[in-house]
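A.B. asks: what shape does this take:
(one chain, ligands or ions: 1)
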Amino acid sequence: MTEPVIEARGLTRRFGTLTAVDALDLTVEPQTIYGFLGPNGCGKTTTVRMLTGLLTPSAGTVTVLGHQLPRDAELLKRRIGYMTQKFSLYDDLTVAENLRFVAHIYGLSHRIARQRISELLSTYALEPMHNRRAGRMSGGQRQRLALAAATIHAPTLLFLDEPTSAVDPENRRDFWERLFDLIDAGASILVSTHYMDEAERCHRLAIMESGHKRADGSPAELMAAMGAHVVEVEAPDLRALKQQLAALPEVISAAQLGSRLRVLVRDRIDDPINWLKAQSLQPAPTGLDLARPSLEDVFVTSTGKSARQGSSLERPSRADGDARADADANTEAAGTPDDTAQHQEDHRR
Ligand SMILES: Nc1ncnc2c1ncn2[C@@H]1O[C@H](COP(=O)(O)OP(=O)(O)OP(=O)(O)O)[C@@H](O)[C@H]1O
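C.D. replies: Purely as a prediction, here's the structure:
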């Protein structure tokens, strides 16, 4: 069996009294994209910095590409690529100059550097602008240049920290196509994000909250093991209905989506439609339909109050619900953590 490219056990980082990452277990298999999903401050960057050897853990063990960290951090550096949250190239240098500079840092010979730069300019559609200063490029172009730079030394493992926070959905989609090209070519990728649509594209993902891993699995597994039914409710006065629903202990969240409420009902209720009908809601719903879970629903059920009441999502999940989740491959309408924060806020009200 092939060894995991990343294996972390009990990975912990404290900053004074704050535990930014708490006893994290993580396994990333080769040629997969592993997502790290969570809101600002949940510990994504701290984890990535420990996994790249840039930050020493307070506790725990980490092996990356067979190198034990932090001991072998220097050896690891040339085998990984790291694209940080901020655009880390030089605005005053041209596209080609930036790539030459990075090639030099990685110690590539002139011949290899020339060859790689020419390949990367073509792969990332940067040829027509190779003489343009990076500071004058669009968000999507800069992102492509940053990816080209992070892969100039053909790393086996790539770390991407919120790589598309500054690009529009079309460029984000294009960027992800390129990530799958890298996977096809043999690379493995760990990507941190707070976008649900990005997380849904990952082979496997962890949902993080306040330094803790709340869930781990493929998007389909997580959706199948969610522990809640999703019911879409139509009614004349959704705001009034929402408050009544949120007060029921069996309701995890009720969030308005246009002219419907998306209601998460704990799966200890066998028949959520009839159960909702029996709640004497005012006004009475005019429509009640079961819906497929989305990753955002998983996020809501595995974080916040719901998680503290016990989530099953950290355990390997059943395969029997895969069909239910697999059928929902459309990620374009997925929300952001701002939306999920709204979900949770909705629930508290
Ligand atoms: N060097 C540091 N010194 C003190 N506290 C830190 C340091 N680095 C991170 N933290 C704290 O650790 C917590 C986790 O931060 P981290 O940057 O890992 O989160 P994140 O999930 O990457 O957030 P974001 O999406 O905003 O980048 C935060 O509370 C942050 O303030």
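A.B. asks: C-alpha from now on. contacts and neighbour counts both.
C.D. replies: Fine.
A.B. asks: the most far-flung residue of the chain relative to its centre: which element?
C.D. replies: Within the chain, the residue lying farthest from the chain centre (Cα atoms, centre = their mean) is residue 280, at 39.4 Å. Counting by DSSP states H and E, no helix or strand carries residue 280.
A.B. asks: per-residue confidence at it?
C.D. replies: On pLDDT, residue 280 comes in at 89.
A.B. asks: distance of it relative to the ligand?
C.D. replies: Residue 280 sits 42 Å away from the ligand, going by Cα to the nearest ligand atom, to the nearest Å.
A.B. asks: quick check: residue 12 vs residue 24, distance?
C.D. replies: As for residue 12, its distance to residue 24 is 7 Å (criterion: Cα to Cα, to the nearest Å).
A.B. asks: of these two, who's got more company?
C.D. replies: A direct count of neighbours by other Cα atoms under 10 Å for residue 12 and residue 24 places residue 12 higher, at 24 against 19.
A.B. asks: what separation is there between that one and residue 57?
C.D. replies: Distance from residue 12 to residue 57, counting by Cα to Cα: 6 Å.
A.B. asks: the bottom helix or strand of this structure by mean pLDDT?
C.D. replies: The least trusted helix or strand in the chain, going by mean pLDDT, DSSP states H and E, turns out to be helix 322-326, with a mean of 27.
A.B. asks: what does the pLDDT read for the closest residue to the ligand within the stretch 201-349 of the chain?
C.D. replies: Closest to the ligand within the stretch 201-349 of the chain is residue 211: 7.0 Å, counting by Cα to the nearest ligand atom. Note on residue 211: pLDDT of 95.
A.B. asks: got it, and residue 307?
C.D. replies: pLDDT for residue 307: 51.
A.B. asks: before we move on, what about residue 327?
C.D. replies: Reported pLDDT for residue 327: 27.
A.B. asks: use 29 as the first number for this chain going forward.
C.D. replies: From this message on, residue numbering opens at 29, which makes the last subject residue 355.
A.B. asks: so what's residue 85 up against?
C.D. replies: For residue 85, the contact set (Cα atoms under 8 Å, 6 or more residues apart in numbering) comprises 39, 40, 41, 78, 98.
A.B. asks: turn the buried ones among those residues into a named PyMOL selection, would you?
C.D. replies: Provided next is the PyMOL selection string for whichever of those are buried by 16 or more other Cα atoms under 10 Å:
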select buried, resi 39+40+41+78+98
